[in-house]
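Visitor: I'll drop the sequence and a predicted model, then ask my questions.
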Amino acid sequence: MGKLFLSALSLLLLLGSTFAVRSGTASWQKGECQIGNINAQEPSYSIRAEAGETQFWDFKNDEFQCAGVSILRHRIQQKGLLLPVYHNSPVLVYVLKGRGIFGLMISGCPETYESSQQSREQSQEDRSRSFRDRHQKIGESRQGDIVAIPAGAAHWAYNDGEEELVLLVLHDDSNNANQLDQNPRSFYLAGNPGRGQEQQQYREHGSRRGEQQQQFGNIFRGFDVETLAEVFGVDEETARKLQGHNDERGHLIIVQRGLQVIRPPLRGEEYGRREEEGYYGGRDNGIEETICSAKIRENLDKASRADIYNPRAGRFSTVNSYSLPILKFLQLSAARGVLYRNAIMSPHWYANAHSIIYVTRGDSRVQIVNHKGRAVFDGQVREGQVVVVPQNYAVVKQAGEQGCEWVAFNTNDNAMINTLSGRTSAIRGLPADVIASAYQISREEAERLKFSRRETFLFSGSGRSGRGRVASA
């Protein structure tokens, strides 16, 4: 009996220690959220390349570690190509400016875009010579698009517009799809990229295990040249070019003659009649989607698709796993907000997600309050700055004199907002006597507090609340 008891006790201790390791790992993966103060963040460094630059926010910052994410911004010149790359975590891309084309390459998916033979009378040899290319499908992107990219999926982007293409990119580093550590990693398939995140680590901590900064390159560099020549069926000179040793262009390169790819005339179809029909009832529900055919793009800038609209205050649009089913696989969502002059978004909290807010135009006074009832942030957030709102922290926004627009990335595919003021708020749902007793006010005052705001989420403002302090990066 004693041996049985000791065996059971040993098993419990073993299970307990295993549980502790798992819990500790989960806590680390989700980030440490003991945040005393939150700051509006700006890019801390950048990596220049031939066709532009990439600006990085410091992912070691406490707020980004709490949310388990990292942020960067690509600025791609005309005829600029972002070289093919994949990441260790899911990615959401928001197009801040310009337009372009992009490709997502997933092994096993068919090459559905191909050039056709010229005529039936050609011989088989002539047909093979006239056949130019075959590749996986290509999409178009424009300002306001959200593009979802799964972890490990190689992708590229090209600026075929007439102005700079600016892409805001969020990496969900604590996502379950990432089984490495919480550091963002980019694996380039071509060129001699700067590998900005790693370069910043070297600046801060120096080299590790004898590695040197200049050794960073594309993934082919680590393979033996003879092996590459064998697996691709090319000569060794071509295999060496795959490694990009002497390529000084960086991760963004200029395609002087313009990029020649096979693509249908998508603009009229996807941004015209077909898009409207899909959104208002003709859209597939995602059940029939496969990873090869899944829709990965949705535009958030269209005023007509707003989920909440107040002509005196602004609008608010969301994209989640219901409107873009692939987001359920990524466990991410996004929102776009527009507030008019001095308008207010109701005080609220996200019940199941961190929210990473990037101001795209104007400025806003933002107040964030933690579980102790202390304001961890109270200041102006202006264009180009990022502020992180941790899960369950209460937040309120009031636009400045020029209004405010922003995009928010949320770490849940169906981020749920609970409001504190307005027609559907938590206060509205309380009995008047509970309000009167809780706040030591009369029943009449309680009813006024409860029913004074008839709007749901966006309120027209008078500008009386003051502008707060100016936030610094």
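Guide: Arrived safely. Numbers count the residues shown, from 1 in each chain.
Visitor: rest of the way, CA atoms for contacts and neighbours
Guide: Fine.
Visitor: Now that we're looking at Q201, what pLDDT does it have?
Guide: pLDDT, Q201: 45.
Visitor: correction: G217
Guide: On the pLDDT scale, G217 is placed at 88.
Visitor: Give the closest residue to it in space, chain neighbours not counted.
Guide: Distances taken as Cα to Cα, 6 or more residues apart in numbering place N192 nearest to G217, at 4.8 Å, with adjacent residues excluded.
Visitor: Tell me the spacing between that neighbour and R341.
Guide: Distance, N192 to R341, by Cα to Cα, to the nearest Å: 46 Å.
Visitor: and those two? which has more neighbours close in?
Guide: Between N192 and R341, counted using other Cα atoms under 10 Å, N192 has the larger neighbour count: 26 against 23.
Visitor: My understanding was that that one contacts I253; is that so?
Guide: No. Counting by Cα atoms under 8 Å, N192 stays clear of I253, with 10.5 Å between them.
Visitor: What distance do you get for the closest residue to A426 other than its chain neighbours to L165?
Guide: Sequence neighbours aside, L420 is the residue nearest to A426 in space, at 5.3 Å (criterion: Cα to Cα, 6+ apart). Distance, L420 to L165, by Cα to Cα: 38 Å.
Visitor: who has more neighbours, those two?
Guide: L165 (27 against 20).
Visitor: The closest residue to that one other than its chain neighbours: what's it in contact with?
Guide: Sequence neighbours aside, G98 is the residue nearest to L165 in space, at 4.5 Å (criterion: Cα to Cα, 6+ apart). G98 sits next to R142, Q143, N159, G161, E162, E163, E164, L165, V166 when contact means Cα atoms under 8 Å, 6 or more residues apart in numbering.
Visitor: ok, of those, which come out buried?
Guide: Buried members of the contacts of G98, scored by 16 or more other Cα atoms under 10 Å, are R142, Q143, N159, G161, E164, L165, V166.
Visitor: what's near enough to touch the fifth one?
Guide: Pointing back at E164 there. Residues near E164 by Cα under 8 Å, 6+ apart: R75, I76, Q77, Q78, K97, G98.
Visitor: Assess the claim that Q402 and D363 are in contact.
Guide: Yes. Between Q402 and D363 a contact is recorded at 7.3 Å, counting by Cα under 8 Å.
Visitor: Have a look at these two and say which one is more surrounded.
Guide: Ranked by neighbour count (other Cα under 10 Å), Q402 and D363 place D363 first, with 25 against 14.
Visitor: how much space is there between that one and K397?
Guide: As judged by Cα to Cα, D363 and K397 stand 10 Å apart.
Visitor: Only alpha carbons, please: show the strand ranked longest in the chain as CSV.
Guide: With DSSP state E setting the assignment, residue counts place strand 394-410 as the longest strand in the chain. This file holds the C-alpha atoms of strand 394-410, laid out as CSV (Å, rounded to 0.1, in the frame of the first residue of the first chain):
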residue,chain,number,x,y,z
ALA,A,394,-9.7,50.1,-20.9
VAL,A,395,-9.1,52.7,-23.6
VAL,A,396,-10.8,55.8,-24.9
LYS,A,397,-9.8,57.9,-28.0
GLN,A,398,-10.7,61.5,-28.9
ALA,A,399,-9.7,62.9,-32.3
GLY,A,400,-7.8,66.1,-32.6
GLU,A,401,-8.7,69.2,-34.6
GLN,A,402,-7.8,67.5,-37.9
GLY,A,403,-9.6,64.3,-37.0
CYS,A,404,-7.9,60.9,-36.7
GLU,A,405,-7.6,57.7,-38.8
TRP,A,406,-6.0,54.5,-37.7
VAL,A,407,-5.6,50.8,-38.4
ALA,A,408,-5.6,48.2,-35.5
PHE,A,409,-4.2,44.7,-35.6
ASN,A,410,-5.9,42.3,-33.0
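Visitor: What is the helix or strand following that strand packed up against?
Guide: Next helix or strand after strand 394-410 toward the C-terminus (DSSP states H and E): strand 417-419. Judged by 3 or more Cα pairs under 8 Å, 6 or more residues apart in numbering; DSSP states H and E, strand 417-419 is in contact with strand 344-350.
Visitor: Give the pairing partners of the strand it packs on; include direction for each.
Guide: Paired strands of strand 344-350, with direction, are strand 394-410 (antiparallel), strand 417-419 (antiparallel), strand 458-459 (antiparallel) (DSSP bridges).
Visitor: For it, what is the distance to the chain centroid?
Guide: Its chain's average C-alpha position is 21 Å from that of strand 344-350, according to Cα atoms, centre = their mean, to the nearest Å.
Visitor: can you check stretch 32-48 too?
Guide: The answer for stretch 32-48 is 16 Å, by Cα atoms, centre = their mean.
Visitor: So K79 is in contact with G258, correct?
Guide: Yes. Counting by Cα under 8 Å, K79 touches G258, with 6.0 Å between them.
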